[in-house]
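# Can you look at this prediction? I've put the sequence above it.
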Number of protein chains: 2
Amino acid sequence: MPNPTAAILIIGDEILTGRTREGNAHHLAGELVKVGFDLRQIRVISDDHATIVAAVRELAAGHDQLFTSGGIGPTHDDITADAVAEAFDRPISVRADARAILATHYAARRVEFTEARLRMARIPDGAALIDNPVSGAPGFTIGNCHVMAGVPNIFQAMVAGLLPRLAGGAPLLSRNWQLMVAEAAIADDLRTLATAHPEVSFGSYPFVTEGNYGTNLVVRCTDPAALEAAFAALKAAFPEGQ
Amino acid sequence: MPNPTAAILIIGDEILTGRTREGNAHHLAGELVKVGFDLRQIRVISDDHATIVAAVRELAAGHDQLFTSGGIGPTHDDITADAVAEAFDRPISVRADARAILATHYAARRVEFTEARLRMARIPDGAALIDNPVSGAPGFTIGNCHVMAGVPNIFQAMVAGLLPRLAGGAPLLSRNWQLMVAEAAIADDLRTLATAHPEVSFGSYPFVTEGNYGTNLVVRCTDPAALEAAFAALKAAFPEGQ
């Protein structure tokens, strides 16, 4: 049975204008591999209501799980929750459970619970909350869409709490074999290996270090036996690697 | 007149499996801002022929310019050139001009011009070549789609040669104002400012440093006078910033 599929939607002008180098998708990609989701797409879009609605609808319909990052804070440019509610045709308002979580969080820290902070309790009807152990304001799951914060340490904490609740598949296993030759020099042999092991993915990633060409060969498969057979064949074909 | 739009398509399983943290889109996003393109989307997809064809067609049709990264090397998993040719309904074969560039490059370095390396001279009919001053093998432009390498230093060199040939718009200008307060504390005033300066984009980016909350406020606009007016208003509203 193939693994369930996933997509990641990153929402934020700060990425598209080059101000911030995105890292949340990279973090989540590494976690999804471990719990057996087949990540098919990462998409970055701007803080625009109609754009978010359309992307959420398309990616949620096309994948088993959709994870979003960004735009759930207290300021005017945080519009993700409302857009996701519209994408799923649900009403959205300040919800008592989210409000209670924020009230408890702020009271414990003697922080004023302002109108701006109350905005972070806006949750679509029927959504389940995602715990935020860092700063209180929860994310939420509606349908197959998981809405999380953009601040990296909060995003990572939400992912850590969320992923064990989702039904994944077989972890994608991988092995790396590094050669200090240009990839063109091993392309024919590598193609032969890939053809002989159709259930295993063979990736070839060239690099240059101190003026010397090298290639990282990566085999990937969810079946441990098939992976080890392919890796043994790879090592035998290129014994000079490590 | 609004700036021309752009999209970036990153092709590579190594990103989706979490092996590699993507950096080419971040680099190009920063360059596009300077030459006046409005980057609307970044998308990362896997090394799958049908997926690449569909994404290239959709993103090329929906934006003024499309830039791709990855999958134009000599190995079996380098399938971008063929997929882009299909997306534009053009034949693809080894082209004499690309072959001559590679032959000259390898001869100068006493490197054998193998069958695998010849694969990198496969260019769609009617495409214009993009110079690769690093390793010879060219990228290409077909229609509004610019196909470039995934290796970061080669990608950057191709971008540097390509962008001056494209008709951009007004550079997107920005100013940053940093406050050591949580963003919720300034959300109301910030919304008032954003409403008063509708032609300027106001972004709010929270961070935590040494246990203290802070917020970077960023104003962005292509009109220098409008930007400076908004920035002056921002500084006046939050004089404690820097």
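Arrived safely. Numbering: from 1, shown residues only, chains lettered A, B, ... in the order given.
# and A:H146, what helix or strand is that in?
strand A:145-148 (DSSP states H and E).
# Ok, A:W177 next?
Per DSSP H and E: strand A:173-179 holds A:W177.
# going on from the strand holding A:H146, what's the next piece of helix or strand?
helix A:152-162.
# Give me the helices and strands touching that next one, please.
Taking 3 or more C-beta pairs under 8 Å, 6 or more residues apart in numbering or on different chains; DSSP states H and E as contact, the helices and strands that helix A:152-162 lies on are helix A:24-34, strand A:128-130, strand A:139-142, strand A:145-148. For glycine as for every other residue, the C-beta is placed from the backbone atoms N, C-alpha and C.
# Show me how chain A divides into domains.
Split into domains by automatic domain parsing, chain A comes to A:5-165, A:173-237.
# Quick one: those domains as CSV, columns for mean pLDDT too.
Listed next are the domains of chain A as CSV, based on pLDDT from 0 to 100:
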stretch, mean pLDDT
domain A:5-165, 96
domain A:173-237, 94
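# Most tightly packed of those domains?
Highest mean neighbour count of the domains of chain A: domain A:5-165, a mean of 20 (counted as mean count of other C-beta atoms under 10 Å in any protein chain shown).
# mind listing what the residue nearest the centre of chain A touches?
By C-alpha atoms, centre = their mean, chain A has its centre lying nearest to A:L28, at 3.5 Å. Contact analysis of A:L28 by C-beta atoms under 8 Å, 6 or more residues apart in numbering or on different chains lists A:8, A:67, A:69, A:155, A:159.
# quick one, strands of chain A?
Assignment of strands within chain A using DSSP state E yields the ranges A:5-11, A:38-45, A:65-69, A:92-94, A:122-124, A:128-130, A:139-142, A:145-148, A:173-179, A:201-209, A:212-221.
# out of those, which comes closest to B:R95?
strand A:201-209 (22.3 Å; C-beta to C-beta).
# Can that closest one be said to contact chain B?
Yes: counting by C-beta under 8 Å from any C-beta of the partner chain, contacts between strand A:201-209 and chain B involve A:201-208.
# likewise stretch A:226-234?
No: using C-beta under 8 Å from any C-beta, stretch A:226-234 stays clear of chain B, with a minimum separation of 13.2 Å.
# Dump the strands of chain A to a markdown table, plus distance to B:R119.
A markdown table is the format used below for the strands of chain A (distance: least, C-beta to C-beta, whole Å):
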| stretch | distance to B:R119 |
| --- | --- |
| strand A:5-11 | 31 |
| strand A:38-45 | 26 |
| strand A:65-69 | 36 |
| strand A:92-94 | 52 |
| strand A:122-124 | 50 |
| strand A:128-130 | 46 |
| strand A:139-142 | 45 |
| strand A:145-148 | 41 |
| strand A:173-179 | 19 |
| strand A:201-209 | 12 |
| strand A:212-221 | 15 |
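# closest to B:L234 out of the ones you listed?
strand A:5-11 (23.0 Å).
# separation between A:E22 and A:A160?
19 Å (C-beta to C-beta, to the nearest Å).
# now swap in A:A149 and tell me
With distances taken as C-beta to C-beta, A:A149 is found 13 Å from A:A160.
# ditto for A:T141
15 Å.
# Check A:P224 too.
25 Å.
# do the same with A:I130
A:I130 is 11 Å from A:A160, by C-beta to C-beta.
# Would you mind giving the domains of chain A as JSON lines with distance to B:L166 added?
Formatted as JSON lines, the domains of chain A follow (distance: least, C-beta to C-beta, whole Å):
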{"stretch": "domain A:5-165", "distance to B:L166": "17"}
{"stretch": "domain A:173-237", "distance to B:L166": "27"}
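# so who does the residue nearest to A:Q156 when sequence neighbours are not counted touch?
Nearest residue to A:Q156, sequence neighbours excluded (C-beta to C-beta, 6 or more residues apart in numbering or on different chains): A:H27, at 5.9 Å. By C-beta under 8 Å, 6+ apart, A:H27 lies in contact with A:152, A:155-156, A:159, B:18.
# repeat for A:T215
A:178-179, A:181-183, A:186, A:204-207.
# correct me, but A:A128 touches A:T141?
Yes: at 4.7 Å, A:A128 counts as touching A:T141 under the criterion of C-beta atoms under 8 Å.
# ok, back up a step: of all the domains of chain A, which one is nearest B:F88?
Closest to B:F88 of the domains of chain A is domain A:5-165 (C-beta to C-beta; 21.6 Å).
# The closest one: end-to-end distance?
16 Å (C-alpha to C-alpha, to the nearest Å).
# just to revisit the earlier point, would you check how far apart the residue nearest to the centre of chain A and B:R175 are?
Distance from A:L28 to B:R175, by C-beta to C-beta: 31 Å.
# coming back round to it: just checking: what are the partner strands of the strand holding A:W177?
Next to strand A:173-179 in the sheet, as set by DSSP bridges, lie strand A:212-221 (antiparallel).
# Right, I'll call it a day here.
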